[in-house]
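[1] Based on what follows, work out the 3D shape:
(one chain, ligands or ions: 2)
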Amino acid sequence: MPDEYMSYMASNPPRYVASLTHEPVLALREAILSEYGDYTSTFGIHCPCGNRKLRVQGYAHPELPSLAGPIIVACDLCRTESVVFDPVKHGWSAEQRGFTPWPGTELRQVACETCRHHLFEVATGFQYDNDDDEELPSEEAFHRQDYFLCFFLEATCIKCGTIIEIAGIECA
Ligand SMILES: [Zn+2]
Ligand SMILES: [Zn+2]
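    Residues are numbered from 1 along each chain as shown. Ligands and ions are numbered 1, 2, ... in the order given. Take a look at the predicted model:
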């Protein structure tokens, strides 16, 4: 992390998801940071009950292999579903001026590319402007972690350990 600005982001997840976050497992953190760079914060995701072995569901992007939003993690222990990203509500564009979702998407459950298992340890990445928050009025700069430009989701299969990229979504 390059400076004070990013060390703030590293310890302040976007507010909508903060109650579901923890330190990500090292392999996932490294996978996300090596791919998306220094201006990205990463957090592991758990169910409100504490379970870290989660199913992942999302809507298929009509033109990309990536999932689009909303993206949901589902817990088999307590049957809770939690939204980890919704492009209509979260990220820079949603904060600034709203966002029009892609049409014609269908809900899809993520399976491991290697063994087809469907439980994962999950980590998010939030990428920020490499500058600072000069563009934000001071009141909004107070929660500048909500103004991420890209959202990433990667996961480790709990059965075979394969790391898969689930989503990379621009939201600015
Ligand atoms: Zn649960
Ligand atoms: Zn697997």
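[2] Every contact and neighbour count from this point should use C-alpha atoms.
    Fine.
[3] does Asn130 count as helix, strand or coil?
    Taking DSSP: H, G, I helix; E, B strand; the rest coil as the rule, one finds Asn130 in the coil state.
[4] burial count for it?
    A total of 12 residues lie near Asn130 under the criterion other Cα atoms under 10 Å.
[5] wait, it sits on Tyr39?
    Yes. With contact defined as Cα atoms under 8 Å, Asn130 and Tyr39 form a contacting pair (6.1 Å).
[6] Could you check how far Leu153 is from Glu81?
    Taken as Cα to Cα, to the nearest Å, the spacing of Leu153 relative to Glu81 amounts to 16 Å.
[7] who has more neighbours, these two?
    Using other Cα under 10 Å as the criterion, Leu153 and Glu81 rank with Leu153 on top: 26 against 18.
[8] Am I right that the more buried one falls within a strand?
    Yes. Remark: Leu153 belongs to a strand, assigned using three-state DSSP.
[9] What distance do you get for it to Phe126?
    Counting by Cα to Cα, the gap between Leu153 and Phe126 amounts to 9 Å.
[10] What of His46?
    Remark: distance between His46 and Phe126 (Cα to Cα) = 17 Å.
[11] That concludes my questions; thank you for your assistance.
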